[in-house]
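**Q** I need the structure of the sequence given here:
(chains A, B, C and D)
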Number of protein chains: 4
Amino acid sequence: MAGPSPILVLTTGGTIDKQYFDALSEYQIRESTVARLLEIARVTHPFRTRELMRKDSLELTDEDRQMIRQAVADAEESRIVITHGTDTMAQTAQDLSGIEGKTIVLTGALAPARFIESDAAFNVGMAFACCQAAQPGIYITMNGSVFDGLHVAKDRERGSFVTTTD
Amino acid sequence: MAGPSPILVLTTGGTIDKQYFDALSEYQIRESTVARLLEIARVTHPFRTRELMRKDSLELTDEDRQMIRQAVADAEESRIVITHGTDTMAQTAQDLSGIEGKTIVLTGALAPARFIESDAAFNVGMAFACCQAAQPGIYITMNGSVFDGLHVAKDRERGSFVTTTD
Amino acid sequence: MAGPSPILVLTTGGTIDKQYFDALSEYQIRESTVARLLEIARVTHPFRTRELMRKDSLELTDEDRQMIRQAVADAEESRIVITHGTDTMAQTAQDLSGIEGKTIVLTGALAPARFIESDAAFNVGMAFACCQAAQPGIYITMNGSVFDGLHVAKDRERGSFVTTTD
Amino acid sequence: MAGPSPILVLTTGGTIDKQYFDALSEYQIRESTVARLLEIARVTHPFRTRELMRKDSLELTDEDRQMIRQAVADAEESRIVITHGTDTMAQTAQDLSGIEGKTIVLTGALAPARFIESDAAFNVGMAFACCQAAQPGIYITMNGSVFDGLHVAKDRERGSFVTTTD
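**A** Numbers count the residues shown, from 1 in each chain, chains lettered A, B, ... in the order given. Next up is the predicted model:
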């Protein structure tokens, strides 16, 4: 645990950033709500945010994942939070394996942050704490648990993340 | 990090649980909002909650702190979250020192959880992750930081927590 | 104006009742949020709610509009609020013309009621007041205005309702 | 009913504008939330707001009520909304009697607008519609009802407004 060690927040899209547009009668992923969420949480811990893309995680390509990996590897910060759609969050975690010396935490939300009842603030809070308190490695913080990022999957039927054994 | 290790949430009151009562034109600390907050966060991680008291932390007595310490020491769980008023949170953390083998995290809020703009969900999310990811010891999660619970103070003028050096 | 004259609230769907479903990565119209909204507004005025359908207003058929008209005509109450999608709200208002002795107010929302920033509560509040304070007739309450329901249209580009002259 | 007739919103304080201050561990009435509330409601109807005072309504003096009356009488607008604390709202309504040709609506909230669960948006929506739809006179819009402002009282035990017969 090191109080003043700065955090890099990479945003990639996902449900957490979905906004509703009446003119289109549809939802779209928009500018990330993370900065606003950290303001409401009265965060004084040093951090910076960087938007990598605005995509539903089912639409992420190999090139997108390569870009995420590069952004993590190149970062001066050793504590990284990545906001991400939930459907392929575990796959992106896998693709980040092998980066040494960094504590990398992926998180997102099952309900958009703009909803009154959203898991977004709780989940990003978990990610902020996990990247400060955990050993270097890859983690996912969802549904109240800190998961090993290499042994976790989204159970679509239950709508929650679960530990995998292999 | 151990996914299925259950968490005990002890509630003691504080700003996080303040509710407004029109009939009295005043605010009072009421039944904790933590259970509702964990439901909105879609927490599937095993936990139980126990209400110890409903007090402004400036009103906590030595007996109250002894009761908190006893509840932590007696708990079967090794991962403990305590919601607490912010004014004397650091003092209670000090009084918990010397309990072996447990990861104890105190948190609270600078704005009531019932407000649209509250740090409550983010802070409790931090505490949930910290008690899973950190080594045994005492921590405070406020303002986006995981603080060493024995070297932290609330800076009243700035309205935020800061690390202390001694 | 007659304080205790009861209000009938008919719900037909629309954006106001859209909920997000992660499993489907899409929004659907669900059970109406109106009852919950009236509870939060601490409404003690007598009312009852009746769900007629759960449809996007672009999907309403002639049969649906006939059913709405019948529900209004058959109602014991002389004060009627109808929640409705915005895209064809003006058309349904037209189809209600000719019903005598009732004050009928259509309203809805441009952002779902489940959003932190929604016009739903304000708009339904307008409808509740309009059906008590206005002369019998057909009205639409949107964007802060009480519109004559027979001379109003949704301006899609501006995303708001405007008075029409013919 | 006249769509484009502008509305004057006078703010005087009350629970609706109460904000919580951690540094003081108390609530205070602050800059009015009405402008923000009208923005979220996507109001395009012409209006202007004017802050008269920031007081708990139990603290309003005869001079304060004289100032409110003067602001109403002097206004170019014939449609007036006044946000006000609930405890003496009926008394202020009485003091406004005798102003000709204006539709004056007092409203407020039993829970602060900054709360997730507040009646503020609904009540101000009612006031906006009432001042457009009702005949000139004095009204109070609370608890889902449009009350005759000269025959209404707050029932403190029930925490709601009721019609009075004399």
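
**Q** Any idea how many residues pack against residue A:63?
**A** Using other Cβ atoms under 10 Å in any protein chain shown, residue A:63 has 8 neighbouring residues. C-betas here are computed from N, CA, C, even on glycine.

**Q** middle-most residue in chain A, spatially?
**A** Nearest to the mean C-alpha position of chain A, by Cα atoms, centre = their mean, lies residue A:83 at 2.4 Å.

**Q** Can you tell me who that one pairs with across the strands?
**A** Taking DSSP bridges as the rule, residue A:83 bridges to residue A:11, residue A:107.

**Q** Distance of it relative to residue C:87?
**A** 32 Å (Cβ to Cβ, to the nearest Å).

**Q** Assign residue A:128 to helix, strand or coil.
**A** helix (DSSP: H, G, I helix; E, B strand; the rest coil).

**Q** That one and residue A:45 touch, don't they?
**A** Yes. Counting by Cβ atoms under 8 Å, residue A:128 sits close enough to residue A:45 to count as a contact (7.2 Å).

**Q** Which of these two has more residues huddled nearby?
**A** residue A:128 (32 against 21).

**Q** Pull the contacting residues for that one.
**A** The neighbourhood of residue A:128, defined by Cβ atoms under 8 Å, 6 or more residues apart in numbering or on different chains, consists of A:7, A:43, A:45, A:81, B:122, B:126, B:129, B:144.

**Q** quick one: which of those residues has the most company?
**A** residue B:126 (35 neighbours).

**Q** I'd like the distance between that one and chain A.
**A** Distance from residue B:126 to chain A, counting by Cβ to the nearest Cβ, to the nearest Å: 4 Å.

**Q** Give me the nearest residue to residue A:65, chain neighbours excluded.
**A** On the basis of Cβ to Cβ, 6 or more residues apart in numbering or on different chains, the spatially nearest residue to residue A:65 that is not a chain neighbour turns out to be residue A:95, at 4.8 Å.

**Q** That neighbour: how many residues sit nearby?
**A** The number of residues packed near residue A:95 is 16, by other Cβ under 10 Å.

**Q** can I assume it is in contact with residue A:67?
**A** No. Using Cβ under 8 Å, residue A:95 is not in contact with residue A:67; the gap is 11.0 Å.

**Q** follow-up on the earlier one: could you dump the contacts of residue A:128 into a markdown table with distance to residue D:15, secondary structure and pLDDT added?
**A** Listed next are those as a markdown table, based on distance: Cβ to Cβ, whole Å; DSSP: H, G, I helix; E, B strand; the rest coil; pLDDT from 0 to 100:
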| residue | distance to residue D:15 | secondary structure | pLDDT |
| --- | --- | --- | --- |
| A:7 | 38 | strand | 98 |
| A:43 | 30 | coil | 97 |
| A:45 | 34 | coil | 97 |
| A:81 | 38 | strand | 98 |
| B:122 | 27 | helix | 98 |
| B:126 | 32 | helix | 98 |
| B:129 | 36 | helix | 98 |
| B:144 | 31 | coil | 98 |
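
**Q** Between the residues you listed, which sits nearest chain C?
**A** When those are compared for distance to chain C (Cβ to the nearest Cβ), residue B:122 wins out at 14.9 Å.

**Q** Could you check how far residue A:87 is from residue B:110?
**A** Between residue A:87 and residue B:110 the computed distance is 35 Å (Cβ to Cβ).

**Q** who has more neighbours, the two?
**A** Set residue A:87 next to residue B:110 and count neighbours by other Cβ under 10 Å: residue B:110 wins out with 23 against 19.

**Q** That one and residue B:14 touch, don't they?
**A** No. Residue B:110 is not in contact with residue B:14 according to Cβ under 8 Å; the separation is 10.0 Å.

**Q** Name the residues contacting each of these two.
**A** Overlap of the contact sets of residue B:110 and residue B:14 (by Cβ under 8 Å, 6+ apart) consists of residue B:86.

**Q** got the contact list for stretch A:31-40?
**A** A:9, A:11, A:16-17, A:47, A:49, A:51, A:54, A:83, A:113-114, A:120-121, A:124, B:117-119, B:122, B:144.

**Q** So among the residues you listed, which ones count as buried?
**A** The neighbour count (16 or more other Cβ atoms under 10 Å in any protein chain shown) marks A:9, A:11, A:16-17, A:47, A:51, A:83, A:113-114, A:120-121, A:124, B:118-119, B:122, B:144 as buried among the contacts of stretch A:31-40.

**Q** Need the distance between the two termini of stretch A:97-110.
**A** With Cα to Cα, to the nearest Å applied, stretch A:97-110 spans 24 Å between its terminal residues.

**Q** Please read the previous query as pertaining to stretch A:30-43.
**A** Stretch A:30-43 stretches 22 Å from its first residue to its last (Cα to Cα).

**Q** Give me the buried positions along that stretch.
**A** In terms of neighbour count (16+ other Cβ under 10 Å), stretch A:30-43 has its buried residues at A:32-34, A:37-38, A:40-43.

**Q** Of all those, the one with the weakest confidence?
**A** In terms of pLDDT, the lowest of the buried residues of stretch A:30-43 is residue A:32, showing 83.

**Q** Report the contact partners of residue A:152.
**A** Residue A:152 makes contact with A:90, A:93, A:140, A:161-164, according to Cβ under 8 Å, 6+ apart.

**Q** Max pairwise distance over those residues: which two?
**A** Among these, the pair separated by the greatest distance (Cβ to Cβ) is A:93 and A:162, at 14.1 Å.
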